[in-house]
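**Q** what would the 3D arrangement of this be:
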Amino acid sequence: MKSLKKMNFTRLLPMTIGLATLLFFSCNKEESPSMEGEQSLDVVALTASDEAELISEEIITVAEDVYSSDEISTISKASYRSDYLPDCVTVTTVVTDTTKEKTIDFGLGCELPNGNVLSGIIFLSYEKDMELATKTITLSLVDFTFNEVTVEGGATIERVRSNENGNPQADATGTFNGTWPDGSTSNFTGNRTREWIEGYGSGFWGDNVFLIMGKRTYTGPQGNVFIKETITPLRREWSCRFIVSGILEITRNDLTASLDFGDGECDAKGVLTYPDGGTEEIFLRRFRN
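**A** Numbering: from 1, shown residues only. Next comes the predicted model:
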């Protein structure tokens, strides 16, 4: 087994409000372990891909929060408002004969409770009948930025009000592209299933907990491609910016490694296991100063 080595990462791009954002980021390191030869697993690029995943998670999170507020208000026949989106966000609803269309406008910049700053619009459209047990939600972005990274793309979300465990579930398939101020670009595409296991309908964002499964492909600014598939469900607690547990299988150039996010503690650490069985403890920053 390899010895554990701490690595310090700094952003390549300047960040206002202390956050580098959307799908990916670049960083420097004192030392980065990798698979030997051309078929390498660069920890720096891998860490960047984890931040990319957080971006897509945040976009889907906003969509599901707005949809759920509509769902809960309609089903309970009482006014309900989640406390996740701050007052600087304007949500406008247009109802047609068959659909509801939601415009979620972050203006020129609006900070979420987790510190991420969004601008522009997330647009949602779904069937008007809120009594349906299953609903298809389409998501698109208009002039959207995430911590100064321009984001384009969209997603289709199959929303189930109550799965076999009695929990809300969202199956999302989407593609997002990020462009940094220096012109570098990255891409993230894939599908994921998010089961909302705690906090649904409480009105307090900090007690929300999700289990995430899925498979996705990340292409970084230098052309690094990672295919990542969930082996053990990833546990995401909104009170923590990190995945607190779960295991990803990561493939690059026909070599496969795994990343273990831990045993439930909210920290930046993960254990990377290489194809030869060696391990490294790595640090995942996820956009905060």
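**Q** the most centrally placed residue in the chain: which element?
**A** Centroid-nearest residue in the chain, with CA atoms, centre = their mean: Glu57, separated by 2.0 Å. Per DSSP states H and E, Glu57 falls inside helix 43-76.
**Q** the following helix or strand past that helix: how far from the chain's middle?
**A** Toward the C-terminus, helix 43-76 is succeeded by strand 90-95 as the next helix or strand (DSSP H and E). Centroid separation between strand 90-95 and its chain, computed with CA atoms, centre = their mean, to the nearest Å, is 24 Å.
**Q** what's strand 90-95 packed up against?
**A** The contact analysis (3 or more CB pairs under 8 Å, 6 or more residues apart in numbering; DSSP states H and E) places strand 90-95 against strand 99-105. Quick note: C-beta positions are derived from backbone N, CA and C, even for glycine.
**Q** show me what the strand it packs on is packed up against.
**A** Going by 3+ CB pairs under 8 Å, 6+ apart, strand 99-105 lies up against helix 43-76, strand 90-95, strand 117-127.
**Q** turn those into JSON lines, columns for mean pLDDT and distance to Ala268.
**A** As requested, the helices and strands packed on strand 99-105 are exported to JSON lines (pLDDT from 0 to 100; distance: least, CB to CB, whole Å):
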{"stretch": "helix 43-76", "mean pLDDT": "82", "distance to Ala268": "10"}
{"stretch": "strand 90-95", "mean pLDDT": "96", "distance to Ala268": "33"}
{"stretch": "strand 117-127", "mean pLDDT": "96", "distance to Ala268": "20"}
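**Q** pick the most deeply packed of these.
**A** Counting by mean count of other CB atoms under 10 Å, helix 43-76 has the highest mean neighbour count of the helices and strands packed on strand 99-105, with a mean of 21.
**Q** contacts for the host helix or strand of Asn177?
**A** Assigned by DSSP H and E, Asn177 falls within strand 169-179. Identification of contacts with strand 169-179 by CB atoms under 8 Å, 6 or more residues apart in numbering yields 22-24, 52, 55-56, 59-60, 64, 139, 141, 146, 149-160, 163, 185-196.
**Q** Gly270 pairs with what?
**A** Per DSSP bridges, the residues bridged to Gly270 are Ile282.
**Q** neighbours around it, how many?
**A** Gly270 has 23 neighbouring residues, counting by other CB atoms under 10 Å.
**Q** hang on, it packs against Ser258?
**A** No: judged on CB atoms under 8 Å, Gly270 makes no contact with Ser258 at a distance of 9.9 Å.
**Q** okay, now the sheet partners of the strand holding Asn177, with direction.
**A** Here, using DSSP bridges, strand 169-179 pairs with strand 149-160 (antiparallel), strand 185-198 (antiparallel).
**Q** buried residues in it?
**A** In terms of neighbour count (16 or more other CB atoms under 10 Å), strand 169-179 has its buried residues at Gln169, Ala170, Asp171, Ala172, Gly174, Phe176, Asn177, Gly178, Thr179.
**Q** in JSON lines, list these along with distance to Ile75.
**A** Below are the buried residues of strand 169-179 laid out as JSON lines (distance: CB to CB, whole Å):
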{"residue": "Gln169", "distance to Ile75": "16"}
{"residue": "Ala170", "distance to Ile75": "17"}
{"residue": "Asp171", "distance to Ile75": "20"}
{"residue": "Ala172", "distance to Ile75": "22"}
{"residue": "Gly174", "distance to Ile75": "26"}
{"residue": "Phe176", "distance to Ile75": "30"}
{"residue": "Asn177", "distance to Ile75": "36"}
{"residue": "Gly178", "distance to Ile75": "36"}
{"residue": "Thr179", "distance to Ile75": "40"}
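**Q** which one of these sits closest to Lys128?
**A** Ala170 (18.9 Å; CB to CB).
**Q** quick check: pLDDT value at the closest one.
**A** Note on Ala170: pLDDT of 94.
**Q** partner residues bridging it?
**A** Arg159, Arg194.
**Q** which element is Gly223 on?
**A** Using DSSP H and E, Gly223 maps to neither a helix nor a strand.
**Q** so what's the residue count around it?
**A** Look at Gly223: counted by other CB under 10 Å, it has 8 neighbours.
**Q** now Glu195
**A** Count around Glu195 with other CB under 10 Å applied: 19.
**Q** repeat that for the one 5 residues further on.
**A** Using other CB under 10 Å, Tyr200 has 16 neighbouring residues.
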